[in-house]
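Peer 1: output the structure for:
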Amino acid sequence: MSRPSFWIATLAVLVLVAVWNWIMNAAGVYGFTAPPWGAWSWWNGQLAFAVFFVFIYTKGMSGAKGEGLRYGLFLGLLWYLPGLFMDWPSAGFGASLWHTLAGILGFIIFGIAACLIYKSPKTA
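Peer 2: Residues are numbered from 1 along each chain as shown. Modelled structure (predicted):
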């Protein structure tokens, strides 16, 4: 975690998470789960997410082609697919599906960013 590329990747993921959430909120995707933008707890939570997102990526990276996309897809499915079924009764299937697909797409973007920025000690 002391490598500069780790912290640069973490910062990039944090910025992408904030921008992605802002875009999705503006599009109405988060209509039933709007984040508290000004709250320090929200920013602290997003920072913790970004650190662990990149940290977990660094522990499993192999240098294979498409690794960031695959990592983002798998974590996106893990994070959002259960929510699809949990939110469905209260938010409706359409809203829950849109939220799930947008969230998985966001995770794919975050995974690609982590892959492009982080360089392992073996390849750096």
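Peer 1: and for the spatially most central residue of the chain, nearest residue in space, chain neighbours not counted?
Peer 2: Residue closest to the average C-alpha location in the chain (C-alpha atoms, centre = their mean): F107, at 3.8 Å. Distances taken as C-beta to C-beta, 6 or more residues apart in numbering put G76 closest to F107, at 3.2 Å, once the chain neighbours are dropped. The C-beta positions use only the backbone N, C-alpha and C, and glycine is treated the same way.
Peer 1: could you look up the SS state of the residue nearest to the centre of the chain?
Peer 2: helix (DSSP: H, G, I helix; E, B strand; the rest coil).
Peer 1: kindly report the same for S120.
Peer 2: Classification of S120 by three-state DSSP places it in coil.
Peer 1: that one: neighbour count?
Peer 2: Using other C-beta atoms under 10 Å, S120 has 13 other residues around it.
Peer 1: check it and give its pLDDT.
Peer 2: Note for S120: predicted pLDDT of 76.
Peer 1: count the residues that sit near the residue lying closest to it once chain neighbours are set aside.
Peer 2: Distance criterion C-beta to C-beta, 6+ apart; nearest residue to S120, sequence neighbours excluded, is M61 at 6.1 Å. Neighbourhood size, M61 [other C-beta under 10 Å]: 18.
Peer 1: and the host helix or strand of S90, what does it pack onto?
Peer 2: Taking DSSP states H and E as the criterion, S90 maps to helix 67-91. On a contact count with 3 or more C-beta pairs under 8 Å, 6 or more residues apart in numbering; DSSP states H and E, helix 67-91 meets helix 40-60, helix 93-117.
Peer 1: tilt between the shortest one and helix 93-117?
Peer 2: Meaning helix 40-60. 60 degrees (axes from the mean of the first three to the mean of the last three C-alpha atoms, to 10 degrees).
Peer 1: who touches helix 40-60?
Peer 2: 1, 6, 9-11, 13-14, 17-18, 21, 35-36, 68, 71, 75, 110-111, 114-115, 118, 120 (C-beta atoms under 8 Å, 6 or more residues apart in numbering).
Peer 1: which of those are buried?
Peer 2: Applying 16 or more other C-beta atoms under 10 Å to the contacts of helix 40-60, the neighbour count classes 6, 9-10, 13-14, 17-18, 21, 35, 68, 71, 75, 110-111, 114-115, 118 as buried.
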